[in-house]
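**Q** Return atomic coordinates for the entry below.
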Amino acid sequence: MAAAGRAWRAAALLPPWRLRAPRQAYGGAAGAGGGIGVGGGGGRLLLGAAFALGGGAGLYLAARQRLREHSAAELPAGSLQLTLYQYKTCPFCSKVRAFLDYHGLPYEIVEVNPIMRKEIKFSSYRKVPILLANAGSPLQLNDSSVIISAIKTYLISKRNSLEEIVSFYPPMKTVTEQGKEVFEYGNKYWLMLDEKETKRVYPVKEVRVEEMKWRKWADDWLVHLISPNVYRTPREALASFDYIVREGKFGTMEGFFAKYMGAVAMFFISKRLKKRHNLQDNVREDLYEAVNEWVKAIGKHRLFMGGNQPNLADLAVYGVLRVMEGLEAFDDMMVHTKIQPWYQRMEEVIKKAEVAV
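**A** Residues are numbered from 1 along each chain as shown. I've put the predicted structure just below:
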């Protein structure tokens, strides 16, 4: 597959993402937007700086730089002022960025260190993404899908304040099989619209059902295919950590241990994730099947699942997949699946929206 990737690039068929330097290695969030550190003294510092993964572990781009900054001061008076607390390589955070970018909503980014998480010490909710919104009064929104549904509802409907809309998504405490208490949001894929607004956004019921189904699919299935694929082999794991060390602020010894110890740890953790999610021996096949299933659902007569423009499902799937950019898994996916035309269209439409802001 690596040879196929090289042949693809050598054939001068480089799409836009291959003309850029690799933007990121992969990392994610525990569950629907969270992260963990891995304990143990100095090892806790080095490995913790690399682990912020969906489903139990992941990568952290060690940097305090602003990844992208949209100035909230440029917003008209009375508009939303947004601050996103994130891990850049978290797929759930990437989903939120894709949504905000597409809708032309200016926001500031605060990169959270996954070890100390000092940046979110103000919050009892210890996962990312967290979105602070000021639409007259400060408000904290948690969980990527809740953030997207609540803000989308606010943009469509002016009947309720953002605070009232967020109250429609109450957290419900549940206990996992391991006995851990977690909070879930049972209605997080719903937009809280009245009948008239609903008909305007979703002309037929099937459109709404389809969007919700695939948003949930992105969270419950697609996101869990990323880590086993980007850490599939020692070489792929090392490539991810090599990028972290080059782009991060590590001392010589810190960089050495982060690169090699982190790569080894993530290689073995990815095997546990493969077993947990009942993936095939060749995890690439699960990734290929998933993205081809997505393309098939869109069909031949639509540019996006949303028709001529992306809907929330398009933005969710794109947000999850783009965290692999610059890695071998991403190149293989582009070669061996039918995702490329849709992905390029998504890049183009979001780029246009960003330029328009």
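**Q** Strands of this protein, residue ranges please.
**A** 81-86, 107-111, 130-134, 138-142, 172-175, 181-184 (DSSP state E).
**Q** for the longest one, packing partners?
**A** Packing contacts for strand 81-86, counted by 3 or more CB pairs under 8 Å, 6 or more residues apart in numbering; DSSP states H and E, involve helix 91-102, strand 107-111, strand 130-134. No exception for glycine: its C-beta is placed from N, CA and C like everyone else's.
**Q** Make a markdown table out of these and add mean neighbour count and mean pLDDT.
**A** What follows is the helices and strands packed on strand 81-86, written out as a markdown table (neighbours: other CB atoms under 10 Å; pLDDT from 0 to 100):
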| stretch | mean neighbour count | mean pLDDT |
| --- | --- | --- |
| helix 91-102 | 27 | 96 |
| strand 107-111 | 19 | 93 |
| strand 130-134 | 22 | 94 |
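**Q** hang on, the earlier thing: would TSV of the strands of the chain with distance to Y288 be doable?
**A** Output for those, formatted as TSV (distance: least, CB to CB, whole Å):
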stretch	distance to Y288
strand 81-86	28
strand 107-111	32
strand 130-134	33
strand 138-142	33
strand 172-175	33
strand 181-184	30
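**Q** With N229 as the reference, name the closest of those strands.
**A** For N229, the closest of the strands of the chain is strand 81-86, at 21.7 Å, according to CB to CB.
**Q** What residues of the closest one count as buried?
**A** Buried residues in strand 81-86, counted by 16 or more other CB atoms under 10 Å: Q81, L82, T83, L84, Y85, Q86.
**Q** Surely N229 is in contact with M324?
**A** Yes - contact criterion CB atoms under 8 Å: N229 and M324 qualify, at 7.3 Å.
**Q** which intervals of the chain have sub-threshold pLDDT?
**A** Where the chain drops to pLDDT under 70, the residues are 1-78, 114-115, 243-251, 254-255, 258, 357.
**Q** which residue sits farthest out from the middle of it?
**A** Relative to the centre of the chain, the most outlying C-alpha is that of K196, 31.6 Å out, by CA atoms, centre = their mean.
**Q** if we can go back for a sec, among the strands of the chain, which is nearest E289?
**A** Of the strands of the chain, nearest to E289 by CB to CB is strand 181-184, at 27.2 Å.
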